[in-house]
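Q: Using only what follows, build the 3D model:
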Amino acid sequence: MRVLAIAVVALSAVHCGRYRDVDEPFNYDVVFKDVSGAEVRLADYKGKPLIVNFWATWCVPCQREMPQLVAMAAQYREAGLTVIGISVDDGPEDMQAFAKQFEITYRLLVGRDDIPAAEKIGYTGLLPTTIFVSARGRVEGRLIGGARDEFFHRQIKALF
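A: Modelled structure (predicted):
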């Protein structure tokens with residue numbers, strides 16, 4: 001048992017979540033509302049690298065990765081990366097309070113009112129889930145759970 005525990009700890013130090021390489025078209029034909037009630041069409045992001053992160057305010061692993069996503073969004077913004085967070089279980093008021101607490105600067109969308117739309121773009125019911133979409137409109141990978149900064153940098157650079 002001790003060897004198994006050591007192996008699990010060693011693996012989690014390299015990569016905390018479960019990542020799967022994918023090569024499929026991203027479904028841009030989806031519309032969500034943001035925390036202000038404005039409609040956001042994912043089709044407006046065609047031709048740009050995109051990270052879509054499914055989360056919820058009560059999700060502790062989601063809370064842990066928020067600072068990473070904020071940092072990545074800021075670091076790669078000028079290069080053209082867009083990060084979008086879609087909460088699958090919260091209303092706009094809770095999301096706004098959460099965004100203020102965690103200093104989230106990227107766009108947050110309300111997904112709880114349209115779970116089928118979230119599923120069309122990769123939500124599987126597991127949180128957090130991050131979808132990596134290349135500038136050519138292809139889903140390059142899915143991450144369930146968190147990961148280290150090095151992993152995110154490597155995945156993001158491959159989206160351009």
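Q: which SSE is the spatially most central residue of the chain in?
A: The structure's the chain has its C-alpha centroid closest to Asn53; by C-alpha atoms, centre = their mean the separation is 1.6 Å. Using DSSP states H and E, Asn53 falls within strand 50-55.
Q: just checking, what packs against that strand?
A: helix 60-76, strand 82-87, strand 129-133 (3 or more C-beta pairs under 8 Å, 6 or more residues apart in numbering; DSSP states H and E). All C-beta spots, glycine's among them, are computed from the backbone N, C-alpha and C.
Q: repeat that for 6 Å
A: strand 82-87, strand 129-133 (3 or more C-beta pairs under 6 Å, 6 or more residues apart in numbering; DSSP states H and E).
Q: Would you reformat these as CSV and include mean pLDDT?
A: Putting the helices and strands packed on strand 50-55 into CSV (pLDDT from 0 to 100) gives the following:
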stretch, mean pLDDT
strand 82-87, 98
strand 129-133, 98
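Q: Adding mean neighbour count, write those strands out as a markdown table.
A: Listed next are these as a markdown table, based on neighbours: other C-beta atoms under 10 Å:
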| stretch | mean neighbour count |
| --- | --- |
| strand 82-87 | 24 |
| strand 129-133 | 24 |
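Q: Which stretch among the ones you listed approaches Asp21 most closely?
A: strand 129-133 (9.6 Å; C-beta to C-beta).
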